[in-house]
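Trainee: Return atomic coordinates for the entry below.
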Amino acid sequence: MGRESSMKPNYEILAYITRNKERVLNGSSLVLLADSEESSKEMTVDIAKAMKADVVHLKNGDYMIIRV
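Mentor: Numbers count the residues shown, from 1 in each chain. Model (predicted):
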């Protein structure tokens, strides 16, 4: 069976790291703007380690740090 629409997702987005300032939106999670691909990778790894969370690399080049 599929997930019911009333069910809460079983993950939490802790942080979103992007290099495109058009994708920086307000919300409950931390959103960081990186100036290069290398700095976005470094920030992502450091934050994920500190929060003991997982990393998702999106097709658009952005990163999400999630806790399942």
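
Trainee: which residues does residue 62 contact?
Mentor: Each residue near residue 62 by CB atoms under 8 Å, 6 or more residues apart in numbering is listed here: 16-20, 23, 40. Glycine gets a C-beta too; all of them are placed from N, C-alpha and C.

Trainee: tell me which element residue 47 falls in.
Mentor: helix 37-51 (DSSP states H and E).

Trainee: could you say what helices and strands that helix packs with?
Mentor: Packing partners of helix 37-51 (3 or more CB pairs under 8 Å, 6 or more residues apart in numbering; DSSP states H and E): strand 12-18, strand 54-57, strand 63-67.

Trainee: Adding distance to residue 47, write those out as CSV.
Mentor: Shown next, in CSV, are those (distance: least, CB to CB, whole Å):
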stretch, distance to residue 47
strand 12-18, 5
strand 54-57, 9
strand 63-67, 6
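
Trainee: Point out the one among these that comes closest to residue 28.
Mentor: If you check each of the helices and strands packed on helix 37-51 against residue 28 by CB to CB, strand 12-18 wins as the nearest, at 8.2 Å.

Trainee: Could you list the buried residues of that closest one?
Mentor: Using 16 or more other CB atoms under 10 Å as the burial criterion, the residues of strand 12-18 that qualify are 13-18.

Trainee: Following the chain past that strand, name the next helix or strand.
Mentor: Downstream of strand 12-18, the next assigned helix or strand under DSSP H and E is strand 30-33.

Trainee: Give the rounded mean pLDDT of that next one.
Mentor: Averaged over strand 30-33, pLDDT sits at 91.

Trainee: so what strands line up beside that strand?
Mentor: With DSSP bridges as the criterion, the sheet partners recorded for strand 30-33 are strand 12-18 (parallel).
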